[in-house]
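In: below are the sequence and a predicted model for it; my questions follow.
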Amino acid sequence: MAEPKNLEKGDLILRCAGIVKRFPGSLALDHVDLEIRRGEVHALFGQNGAGKSTLVKVITGVYACDEGYIYIDGGLAKLANPRDAEQAGLSIIHQDQQLVPQFDVKRNVFLGRELTKGGFLDFRAMQAQTDAVLKRIDADFSSHDLICNLSVGQREQVAIAAALLKQPKILILDEPTASLSRKEADKLFEIIRSLREQGVTIIYISHHFDEIFEVSDRITVLRDGKKAATLDVDACSKSEVIRVMIGREVSQLYPKKELEKGGVILRAENLCFEDRVNGVSFELHRGEILGIAGILGSGANELAMNLFGVNKITGGQIFLDNQAVQIRSPQMAKKMGIALIPEDRRNEGAAGTMSVKENLSLAFAKLLSVKGWIKKTRERQVSAGITERLRIKCAGMDQFVNTLSGGNQQKAVIGKWLVGKQNVFIMNQPTTGVDVSSKIEIYKSMTDLAAEGAGIIMISQDFEELLGMCDRILVIANGRITKTFNYGEATEHTLLAYATVIS
Amino acid sequence: MGSDKSKMKSRVPLGSILLQKGTAVGMIGLILILGIRSPAFFELNNLMDVLKQGCVLTLIALSQTIVLIAGGFDMSAGALLQLTANLAAGSIAGGRGTAFVLIVGLAAGVLAGAINSLLVVQLKIPAFVATLGMMLAMSGVALYYNEGRAITLYDKPAFFFIGQGYVGVIPFLFIILLVVLAALHLFLKNTRTGMQMYAVGENEQAAQLRGISRKKALYTAFIIGGAIVGVTGVFQASYNYGASAVSTGMDFLLNALAAALLGTTYSKTGELSVIGTSISAMFISSLSNVLICNGVSNLLQPGLLGMILVASVLLTVVKKREIGQITIF
């Protein structure tokens, strides 16, 4: 990395040099360097599994690194446990702010470092200090409110207040917006900016692109456990950051093909389900990848469940190949040629303690069996074919699915449906918790399926992948379609805007 | 959306009143109704008797509560009670003094607590299994000690005073209970260790991230819990003029657990508390008395208690769900 300009001695508040962390079977951090300047907001950016969390855990003393050194304020720091890191002036706000819901704000804020007077807790002092720090971040609650009565955004602020009370040299925020609404996130960015004004150094970890550009001064991008680059926000473009993050051009991330669209394979007319899906109509063509963009609770998930017959629709009509159909159960949906790749693959998608082979033949055991007996040779042949086609990385057909990586598990779930002749694929959040290379493989298999004439519905909260993969995107909010975009028409911003429309 | 909100609004007040006060109102109401039907219950002497009868159960329930607060679970409390009751009765019968047996009870309790916490914390055996094993082991020791026979004590006025005596109109045992209760309450609510025990029990991860030791919390809880039960066994021997041959103390254990769980319905957040536990334990123990005063067999008590327990724990679960937290109970 090029040495930053005008860097005087003492400008670096934290320096990590050649950090290596190994886990059984994987190299989580591979000689990572990180330099944080005093008073900056430094973003740590990368895909899931790039090593961000591991690096932070090393910095905060949760993991001991196998090689490498950490310098704080120029001095070599030994961080054997979280206490050490705290004493060295590092304070972290975890992704899921871990608070005790039954305690009030001041008890939570001081948890683990309570103030005492004569052996008893000094609630008065704790309250005064808590209220002071709450005022500093302009919070709209007080030190005696119970955590369970606060919103998620407010809880985040409690966590920040707790961190600030330690007068940290460096404040680390780990995916702080993960469960925040847009408005709450804005409030958080405001707090971050005001803390920077007050001279606090902040490390901001995220895989969300827009917010990194919104709050940070510099970005260190991690990829596959290595440092890919450190960039100045003012001097780089978004596509440059993405390129660095995925290690290839953006266009290569999404193996989208322009395909000839066939006839309408599935048509939904005015679908309703309780009060969660309120009159959704759309058409899905053969060879089309149709995106459904919706935030949590938008009704997209329910829609998927309706189309697969898990929940029966309470209104409207579904047509398959222009024939009106009633989908009353997943079994019926399966027979009609519909496949579901569910959101929660651990619980709904794959049978973890069964082998790859068995999982693949699970959905269509009937096709592979004679008079109820599964033909093992046929099962093996078919599974081997699918494993190769989807490039499922496994030690063999007999490896248990729950020992595969997230991406390969997902491929096994998709592969399950390739045994039969399904022509409508409903993929609900197909790439959550999956590494980049597996993502690309999953995208590829989607493109392949489309090329074979299947229609694919891709439901995702990762709007970027929808933009990259889908021929059309329906934006759904409060169970209604708020907007339809063709490929290339939308941006993440416009999708989000329509996905958060308040009806 | 609009209709949703109005629905929720009208639902919340009634629901939360029921959630917060339901059990308390129910318990007091039940005792009042049964008491009014049979005025003998409200005579001062009987009320004091009721308090006295409830003390042993309440103390065990307090021990359960403190272990539960730190996220543990203790099946062995009843057996420990029987063991120290037998040791105390045997020693007194053998001519030992009251101070001696109290120390024996305390030491046995601390030892049992220490073994429990070693098994759970150091050897990482699930608390239920570890303490179940301890329960059987200790009842075995008790049976070996008393050879399967009850030990009955005669004419030991100094020893009997602990469990039977009165200071004015107030049972001496009840005064001890109040002191223990006050000390525990102060400890849990107003000291660092106490608060951290709550934190470990409520959200272990949060506590761990703040550098709070789960081990320390569990050690403290099991040892304090054991100490209380150990001494209470001595009280029981005094109250009961000796020790019974029953060795597992299952009745005590189950009623104590019920009291601790019932006690959670007294707090706004469904939190375990020593005060809630004490009130519930006294309620459970007075239920037998008030039933007898009404001329009803106290054999009805377990059935009645079971229904009350399920109903009120249901309230706690609903409450916890409201605040977005569902635990095992």
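Out: Perfect, I can see it now. Numbers count the residues shown, from 1 in each chain, chains lettered A, B, ... in the order given.
In: rest of the way, CA atoms for contacts and neighbours
Out: Will do.
In: all the helices of the stretch 101-250 of chain A, in order from the start?
Out: Taking DSSP state H, counting those that start in this stretch as the test, the helices found in the stretch 101-250 of chain A are A:105-109, A:123-136, A:152-165, A:182-197, A:209-215, A:238-246, A:250-253.
In: most tightly surrounded among the ones you listed?
Out: Burial of the helices of the stretch 101-250 of chain A is given as mean neighbour count (mean count of other C-alpha atoms under 10 Å in any protein chain shown); helix A:105-109 ranks first at a mean of 28.
In: now do it: distance to the chain's middle.
Out: On the basis of C-alpha atoms, centre = their mean, to the nearest Å, helix A:105-109 sits 29 Å off its chain's mean C-alpha point.
In: so which bits of stretch A:144-152 are buried?
Out: Buried positions in stretch A:144-152, judged by neighbour count with 16 or more other C-alpha atoms under 10 Å in any protein chain shown: A:Leu146, A:Ile147, A:Cys148, A:Leu150, A:Val152.
In: got it, and stretch A:102-118?
Out: For stretch A:102-118, using 16+ other C-alpha under 10 Å, the buried residues are A:102-112, A:114-115.
In: for the stretch 1-150 of chain B, give me the ranges with low pLDDT.
Out: Low-confidence regions of the stretch 1-150 of chain B, defined by pLDDT under 70, span residues B:1-22.
In: pipe the helices of the stretch 101-250 of chain A into JSON lines and attach distance to B:Leu44 and mean pLDDT per row.
Out: Formatted as JSON lines, these follow (distance: least, C-alpha to C-alpha, whole Å; pLDDT from 0 to 100):
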{"stretch": "helix A:105-109", "distance to B:Leu44": "42", "mean pLDDT": "92"}
{"stretch": "helix A:123-136", "distance to B:Leu44": "40", "mean pLDDT": "92"}
{"stretch": "helix A:152-165", "distance to B:Leu44": "51", "mean pLDDT": "88"}
{"stretch": "helix A:182-197", "distance to B:Leu44": "59", "mean pLDDT": "87"}
{"stretch": "helix A:209-215", "distance to B:Leu44": "70", "mean pLDDT": "81"}
{"stretch": "helix A:238-246", "distance to B:Leu44": "79", "mean pLDDT": "77"}
{"stretch": "helix A:250-253", "distance to B:Leu44": "83", "mean pLDDT": "68"}
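In: quick check: closest non-adjacent residue to B:Leu181.
Out: In space, B:Leu181 comes closest to B:Val274 once its chain neighbours are excluded; the distance is 6.8 Å by C-alpha to C-alpha, 6 or more residues apart in numbering or on different chains.
In: correct me if wrong: that neighbour contacts B:Val67.
Out: No. With contact defined as C-alpha atoms under 8 Å, B:Val274 and B:Val67 do not form a contacting pair (11.2 Å).
In: also near chain B: which of the buried residues of stretch A:144-152, exactly?
Out: A:Cys148 (C-alpha under 8 Å from any C-alpha of the partner chain).
In: of the buried residues of stretch A:144-152, which pair is most distant in space?
Out: A:Leu146 and A:Val152 (12.7 Å; C-alpha to C-alpha).
In: can you report phi and psi for the residue nearest to the spatial centre of chain B?
Out: Residue closest to the average C-alpha location in chain B (C-alpha atoms, centre = their mean): B:Ala61, at 0.3 Å. Phi and psi for B:Ala61, reported as degrees, to the nearest 10, are phi -60, psi -40.
In: the buried residues of stretch A:102-118: which two are farthest apart?
Out: A:Gln102 and A:Leu115 (19.2 Å).
In: quick one, phi psi at the residue in the stretch 351-500 of chain A that chain B sits nearest to?
Out: Ranking the residues of the stretch 351-500 of chain A by distance to chain B (C-alpha to the nearest C-alpha) places A:Asn478 first, at 8.6 Å. The phi/psi pair for A:Asn478 (degrees, to the nearest 10) reads phi 50, psi 40.
In: so where do the strands sit in the stretch 251-400 of chain A?
Out: Using DSSP state E, counting those that start in this stretch, the strands found in the stretch 251-400 of chain A span residues A:264-273, A:277-285, A:289-293, A:315-320, A:323-325, A:338-341, A:369-370, A:373-374.
In: figure out which of those strands is closest to B:Ile36.
Out: strand A:264-273 (54.0 Å).
In: can you list the residues of the stretch 201-329 of chain B near chain A?
Out: B:202-203, B:205-207, B:209-212, B:269, B:271, B:323-324.
In: okay, those in a markdown table with neighbour count, pLDDT and secondary structure next?
Out: Below are those laid out as a markdown table (neighbours: other C-alpha atoms under 10 Å in any protein chain shown; pLDDT from 0 to 100; DSSP: H, G, I helix; E, B strand; the rest coil):
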| residue | neighbour count | pLDDT | secondary structure |
| --- | --- | --- | --- |
| B:Glu202 | 24 | 87 | helix |
| B:Asn203 | 17 | 86 | coil |
| B:Gln205 | 17 | 83 | helix |
| B:Ala206 | 21 | 84 | helix |
| B:Ala207 | 24 | 86 | helix |
| B:Leu209 | 19 | 77 | helix |
| B:Arg210 | 20 | 80 | coil |
| B:Gly211 | 16 | 79 | coil |
| B:Ile212 | 22 | 86 | coil |
| B:Thr269 | 20 | 75 | coil |
| B:Glu271 | 20 | 84 | coil |
| B:Ile323 | 17 | 54 | coil |
| B:Gly324 | 11 | 50 | coil |
